[in-house]
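# Just a sequence and a predicted model for now, questions to come.
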Amino acid sequence: MRVIGLMSGTSYDAVEAAAADLVLAGDVLRMRPLGHLSAPYPGHLRDLIAGALPPSATTVRAVTELDTGVGQAFAEVAVRAVRELCDGTADLVVSHGQTLYHWVEEGTVRGTLQLGRPAWIAEATGLPVVSDLRSADVAAGGQGAPLVAMTDVLALSALPGVPAALNLGGIANVTVVAPGTAPLAFDTGPANALMDAAVRHFTGGACEYDEGGRRAAAGRVDQALLRVLLGDPYYRRPAPKSTGKELFHLPYLLDALAAAPVPEPDDVLATLARLTAVTVADACRAHGVTRLVVSGGGAHNPVLMNMLAGELPGVPLGSSDALGLPPDAKEALAFALLGFLTVNGLPGAVPSGTGARRAALLGSLTPGHAPLRLPEPAAAPPRLLHVTDEPLV
Ligand SMILES: Nc1ncnc2c1ncn2[C@@H]1O[C@H](COP(=O)(O)OP(=O)(O)OP(=O)(O)O)[C@@H](O)[C@H]1O
Ligand SMILES: CC(=O)N[C@H]1[C@@H]2OC[C@@H](O2)[C@@H](O)[C@@H]1O[C@H](C)C(=O)O
């Protein structure tokens, strides 16, 4: 089955698309990635998202505009993906949409909202669309995140020791696969969210992020600010847990700076990079991680990666490329995989990661132009992911 995964993460900079052929052969899920592409959100849509995200107040009209605007932006990228990655033919689109709000109260997720109405994608491509992938896990008592855990578990299971996958997006998440124990997956805290907020703030919106970690490299870690930031109870909460930009936003950083003033912006960036490195490393140490497979935009920040390596001596850090999953396409591929599982009647959630009562079948299905025809449900779930360059038979 040829599947296109669509994703825009908490950094809401661009829509990422990745295509793959997927075949289930016994307990091995074979994936042949066909490529990926990224299309920046149009400026007005980005502004609309920024204006609707917490702690801003928004209106139902703005939410409706976003649902349409994001749906249309995803639809445009899906059409390109069919043409540019799939030689004009695909079977299914899987859309994560754009998270607008992840409603967490005292560690329990009560709801999670991803916008981008799938009808726009189905209309533009003619293909069926799996969307709203988080709600079923939330309804089953889970966090609804991180959902990349399924891909991580299938990809890491064959590795020795205690491998973990780390994604450094706006928020950082890890999936830990220890032999003889159920896998764990949780958000460790901010990856780039606070650094991006700081850069935007200090440059009056002229820069979006600390390119190459240059500002953090030029600064010095401020121990008082680091202590204030590390005092957040989120880091001490046991898994399962998830978070988002509802917590880690600019006013949150400004509150911390009011408690521990730091005059030099580059020192703030150095401190925030250290915060990410320390909280990720603490999470890895707590679970005995012996190898880290890294993806997400933060993998392009050498200062952050060096700090992380410094916090985890003896733990090799490598790119998810080593598993055949390009670091900038991994999340989109992971959602393609989840949609494939859904249409084959298989659960996509990893309940030991999300904390759900049971492994739910994920997503809602929107038909394409033709009547919906689903494959016969698969007999058993996969246990391993095999990524290959070779055409699948
Ligand atoms: N060259 C670079 N130098 C430094 N940082 C970078 C670089 N490239 C990307 N980043 C960081 O990565 C971020 C984007 O990462 P990514 O696209 O993985 O996040 P996301 O998918 O939106 O978030 P999430 O995984 O939390 O949903 C940017 O906002 C920036 O902070
Ligand atoms: C609610 C939501 O969108 N959560 C995202 C967010 O971005 C990173 C982290 O927080 C992760 O838990 C999740 O996304 C990834 C793709 C996931 O579900 O695995």
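That came through fine. Ligands and ions are numbered 1, 2, ... in the order given.
# near ligand 2, which residues of the protein show up?
Counting by Cβ under 6 Å from any ligand atom, the chain comes close to ligand 2 at 9-10, 99, 102, 112, 145-148, 169-171, 173, 187, 242, 244, 331. Bear in mind the C-beta positions are built from the backbone N, C-alpha and C, glycine included.
# From these, which land in helices?
Among the residues of the chain next to ligand 2, DSSP state H puts residue 331 in helices.
# Can you turn the buried part of the residues of the chain next to ligand 2 into a PyMOL selection?
For the buried members of the residues of the chain next to ligand 2, the matching PyMOL selection, counting by 16 or more other Cβ atoms under 10 Å, is:
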select buried, resi 9+10+99+102+112+145+146+147+148+169+170+171+173+187+242+244+331
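# In strands only, show me the residues of the chain next to ligand 2.
99, 102, 112, 171, 173, 187 (DSSP state E).
# Show me which pair in these is furthest apart.
112 and 173 (14.4 Å; Cβ to Cβ).
# Which parts of the stretch 251-393 of the chain are strands?
291-295, 317-319, 364-366, 384-387 (DSSP state E, counting those that start in this stretch).
# quick one: the first one to chain centroid distance?
With Cα atoms, centre = their mean, to the nearest Å as the basis, strand 291-295 stands 14 Å off its chain's centre.
# Could you do stretch 212-226 as well?
25 Å.
# now swap in stretch 358-376 and tell me
That offset, for stretch 358-376, works out to 22 Å (Cα atoms, centre = their mean).
# Next: stretch 341-360.
With Cα atoms, centre = their mean, you get 17 Å for stretch 341-360.
# any idea where the strands of the stretch 1-150 of the chain begin and end?
2-8, 14-25, 28-40, 92-105, 108-115, 129-131.
# Show the model's pLDDT score for the residue nearest to residue 351 when sequence neighbours are not counted.
Nearest non-adjacent residue to residue 351, counting by Cβ to Cβ, 6 or more residues apart in numbering: residue 359, 5.1 Å away. We note a pLDDT of 98 for residue 359 in this prediction.
# just residue 13 next, same as before
pLDDT at residue 13 comes out at 92.
# How about the one 4 residues further on?
According to the per-residue confidence, residue 17 scores 98 in pLDDT.
# And for the nearest residue to it once chain neighbours are set aside, the neighbour number?
Leaving aside its sequence neighbours, residue 17 sits nearest to residue 81 (Cβ to Cβ, 6+ apart; 4.1 Å). Residue 81 has 27 neighbouring residues, counting by other Cβ atoms under 10 Å.
# okay but residue 81 is in contact with residue 16, surely?
No. Contact between residue 81 and residue 16 fails when scored by Cβ atoms under 8 Å: they sit 9.9 Å apart.
# Find residues that contact each of these two.
By Cβ atoms under 8 Å, 6 or more residues apart in numbering, residue 81 and residue 16 have these common neighbours: 6, 37.
# Check which helix or strand residue 159 maps to.
For residue 159, there is no host helix or strand (DSSP states H and E).
# how close does it get to residue 318?
Using Cβ to Cβ, to the nearest Å, residue 159 is found at 11 Å from residue 318.
# more neighbours, the two?
residue 159 (16 against 12).
# How about that one, nearest residue that isn't a chain neighbour?
residue 291 (6.8 Å).
# Leaving out the residues flanking it, which one is nearest to residue 198?
Nearest non-adjacent residue to residue 198, counting by Cβ to Cβ, 6+ apart: residue 268, 5.4 Å away.
# How about the contacts made by the one you found?
198, 202, 219, 222, 225, 253, 257, 262.
# from those residues, which is closest to ligand 2?
residue 253 (17.6 Å; Cβ to the nearest ligand atom).
# since we're on residue 160, how many residues are nearby?
For residue 160, using other Cβ under 10 Å, the count is 8.
# And residue 386, by the same measure?
17.
# Let's see the pLDDT reported for it.
97.
# and the residue nearest to residue 159, how many residues sit next to it?
Neighbour tally, residue 291, other Cβ under 10 Å: 18.
# Measure how buried residue 283 is and give me the count.
With other Cβ under 10 Å as criterion, residue 283 counts 23.
# hang on, it packs against residue 186?
Yes. Judged on Cβ under 8 Å, residue 283 makes contact with residue 186 at a distance of 7.5 Å.
# Which neighbours do these two have in common?
In contact with both residue 283 and residue 186: residue 174, using Cβ under 8 Å, 6+ apart.
# ok so, going back, would you mind putting the strands of the stretch 1-150 of the chain into TSV with distance to ligand 1 alongside?
Formatted as TSV, those follow (distance: least, Cβ to the nearest ligand atom, whole Å):
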stretch	distance to ligand 1
strand 2-8	7
strand 14-25	7
strand 28-40	9
strand 92-105	7
strand 108-115	11
strand 129-131	16
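# Could you dump those strands into a markdown table and include distance to residue 312?
Below are those laid out as a markdown table (distance: least, Cβ to Cβ, whole Å):
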| stretch | distance to residue 312 |
| --- | --- |
| strand 2-8 | 27 |
| strand 14-25 | 27 |
| strand 28-40 | 28 |
| strand 92-105 | 27 |
| strand 108-115 | 29 |
| strand 129-131 | 36 |
